[in-house]
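**Student:** The amino acid sequence is not available; the structure is as follows:
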């Protein structure tokens, strides 16, 4: 979490910066589709909301990331709306190497502390590439949707 977001969380609710219309639209699109999305995929989804400029999407993503509502999945160069239980937690993201389906797992903070010793860790997440974990695709086809 960025310093700006941490400071904002310490403020009373009435003094916290509000989410803009664009922030709500971007977060809504990510939550509705429940999968990692690249910024230009989001732009296509958001055109019906009157959002036509890539910079508008990038600015909203930056604010949502600072607030801890969205995580950039670096290996996919895509953004993912964090489920409520994932916000502020040490997390592992399991990513299918074939179809890019994503699954979230909490990571024990003690395990992270064991890795880094006495260092002060403000945020920790791990991206792991694995075989498909998409329950829907496994149930429907018996395997990954791209194999």
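**Tutor:** On my side now, so go ahead. Bear in mind the structure is a predicted one, so any value in this text is a computation, not a measurement.
**Student:** Flag the helix or strand of this protein with the lowest per-element mean pLDDT.
**Tutor:** Lowest by mean pLDDT, DSSP states H and E among the helices and strands of the chain is helix 135-141, with a mean of 47.
**Student:** ranges for the strands of this protein?
**Tutor:** 70-73, 78-81, 91-96, 102-106, 125-130 (DSSP state E).
**Student:** can you tell me which of the ones you listed comes nearest to residue 20?
**Tutor:** Among those, the nearest to residue 20 by Cβ to Cβ is strand 70-73 (14.0 Å). Backbone N, C-alpha and C define where each C-beta goes, glycine included.
**Student:** from the strands of the chain, which stretch is densest packed?
**Tutor:** strand 78-81 (a mean of 22; mean count of other Cβ atoms under 10 Å).
**Student:** quick one: average confidence on it?
**Tutor:** The pLDDT scores in strand 78-81 average 94.
**Student:** what sits up against it?
**Tutor:** Residues outside strand 78-81 that contact it (Cβ atoms under 8 Å, 6 or more residues apart in numbering): 27, 30-31, 34-39, 41-42, 61, 64-65, 69-73, 93, 100, 102.
**Student:** hmm, 10 Å instead?
**Tutor:** The contact list for strand 78-81 (Cβ atoms under 10 Å, 6 or more residues apart in numbering) reads 26-39, 41-42, 57-58, 60-61, 64-65, 69-73, 86, 93, 95, 100, 102, 104.
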